[in-house]
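Student: build the 3D model from these lines:
(one chain, ligands or ions: 2)
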Amino acid sequence: MTKTFLQFGCGNMGGAMLKGWLAGGLAPETFTVVDPYLEAAPHGVRLLEAAPAGEDAFDIVLLGFKPQQLPDAAQAVRPFVGPRTLLLSILAGVDLATLRRTFPEARAIVRVMPNLAAALGKSPIALFGDADEAARAETDALMAPLGQAEWLSGEDQMDLVTALAGSGPAFVYRFIDALAEGAAALGLPRDQADRLALSMVEGSAMLAAASEHSPGELARRVASPGGVTQVGIDILDAERRLARLVEDTLRGARDRSAEMTEQARARQQ
Ligand SMILES: NC(=O)C1=CN([C@@H]2O[C@H](COP(=O)(O)OP(=O)(O)OC[C@H]3O[C@@H](n4cnc5c(N)ncnc54)[C@H](O)[C@@H]3O)[C@@H](O)[C@H]2O)C=CC1
Ligand SMILES: O=C(O)[C@@H]1CCC=N1
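Tutor: Ligands and ions are numbered 1, 2, ... in the order given. Prediction:
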């Protein structure tokens, strides 16, 4: 039987997931999107400004708005979450206990932490929830068109995974930008530096994904002893500069996620 799918909030992240699902062959007619500010939805998807009146619970409900919008949105979402509903939440920094308190009727609740590459089926997807085996299998099947899903062994890992998998693309984009900016500062035309930096990162990531070797080993293979690359690597590694910068970046983002979790808990009391 075809599952009915109700998505509250279809901005950057929710939109990327919807795109991934449709590209993966899910039928657009099974999706209803509720988003008061979205002007158009993909062809065949039902778009509503407000929750549909007089309709019953859906099979799958996705929370795709901002975490701070949960208290206001909860009332509109609740009628569609019943004992047959698998509730998926992409809200960063809203924990399972808060979601369960807000939606006690749900059959299962799963926190999903994807990134924007879900639109291309290339997102890492961290999962954590109170799903039984059947709901886990259903979630796995739903995530398959979006990328590589992994269940976390504890919810305490979700803040860090939000920083790594969810925020990660922003950090990589900043690195690409910094490569181009550096090359431009050293003499390349900026537009050419942008193109070269981006295609270099795209090819490197694809190669690493296809390789049997770790990224660390691949770096070693690029660097000829006494050659060009090693000088650059030594600068990145001096006093663990790159490692410390990245660790600090992840720690800061992780801690903000933990802080948001506390705030969301307090709001839902
Ligand atoms: N942007 C990203 O890369 C990622 C975002 N997330 C999470 O995804 C969620 C959405 O983030 P973005 O897509 O970046 O934000 P966004 O601002 O692009 O999208 C939010 C959407 O929710 C809609 N909305 C607002 N109030 C609503 C309501 N009451 N009912 C239904 N829809 C409503 C807005 O019109 C908007 O289209 C957040 O909870 C965020 O933590 C998670 C992983 C990555
Ligand atoms: O910045 C944020 O809060 C969300 C969570 C991960 C990516 N965007």
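Student: which residues touch the residue in the stretch 1-150 of the chain that ligand 1 sits nearest to?
Tutor: The nearest approach of the stretch 1-150 of the chain to ligand 1 comes at residue 11, 1.9 Å away (Cβ to the nearest ligand atom). Heads up, the C-betas are built off the backbone N, CA and C, glycines and all. Listed by Cβ atoms under 8 Å, 6 or more residues apart in numbering, the contact partners of residue 11 are 35, 38, 64, 65.
Student: count of neighbours near the third one?
Tutor: By the measure other Cβ atoms under 10 Å, the count of residues near residue 64 is 25.
Student: state the helix or strand in which residue 61 lies.
Tutor: Secondary structure from DSSP states H and E places residue 61 in strand 60-63.
Student: now do that strand: which elements does it pack against?
Tutor: Applying 3 or more Cβ pairs under 8 Å, 6 or more residues apart in numbering; DSSP states H and E, one finds that strand 60-63 contacts strand 5-8, helix 70-77, strand 86-89.
Student: now with 10 Å, please.
Tutor: strand 5-8, helix 12-23, strand 31-34, helix 70-77, strand 86-89, strand 108-113, helix 133-143 (3 or more Cβ pairs under 10 Å, 6 or more residues apart in numbering; DSSP states H and E).
Student: nearest to residue 177, out of those?
Tutor: helix 12-23 (18.5 Å; Cβ to Cβ).
Student: now the closest one: buried residues?
Tutor: 13, 14, 15, 16, 17, 18, 19, 20, 21, 22 (16 or more other Cβ atoms under 10 Å).
Student: which of these sits closest to residue 266?
Tutor: residue 13 (24.0 Å).
Student: could you list the low-pLDDT ranges of the chain?
Tutor: 1, 269 (pLDDT under 70).
Student: check contacts around the residue nearest in space to the middle of it.
Tutor: Compute the mean C-alpha point of the chain, and by Cα atoms, centre = their mean the closest residue is residue 114, 2.1 Å away. Shown in contact with residue 114 (Cβ atoms under 10 Å, 6 or more residues apart in numbering): 13-14, 16-17, 20, 90, 123-127, 143, 146-147, 149, 165-166.
Student: how about 7 Å then?
Tutor: Contacts for residue 114 (Cβ atoms under 7 Å, 6 or more residues apart in numbering) come out as 13, 17, 90, 123, 125, 146, 147.
Student: these two touch, right, residue 260 and residue 67?
Tutor: Yes - with contact defined as Cβ atoms under 7 Å, residue 260 reaches residue 67; the gap is 6.0 Å.
Student: what touches both of the two?
Tutor: Joint contacts of residue 260 and residue 67 (Cβ under 7 Å, 6+ apart) are 92, 93.
Student: can you give me the helices for the chain?
Tutor: Using DSSP state H, the helices of the chain run over 12-23, 70-77, 96-102, 133-143, 158-161, 168-185, 190-210, 215-222, 228-237, 241-267.
Student: what about whatever residue of the stretch 101-250 of the chain ends up closest to ligand 2, neighbour count?
Tutor: Per Cβ to the nearest ligand atom, residue 166 is where the stretch 101-250 of the chain lies closest to ligand 2, at 3.0 Å. Residue 166 has 24 neighbouring residues, counting by other Cβ under 10 Å.
Student: show me what contacts the residue lying closest to it once chain neighbours are set aside?
Tutor: Closest residue in space to residue 166, ignoring its immediate chain neighbours: residue 113 at 5.0 Å, by Cβ to Cβ, 6 or more residues apart in numbering. By Cβ under 7 Å, 6+ apart, residue 113 lies in contact with 90, 125, 126, 158, 161, 162, 165, 166.
Student: quick check: bridge partners of residue 113?
Tutor: residue 126 (DSSP bridges).
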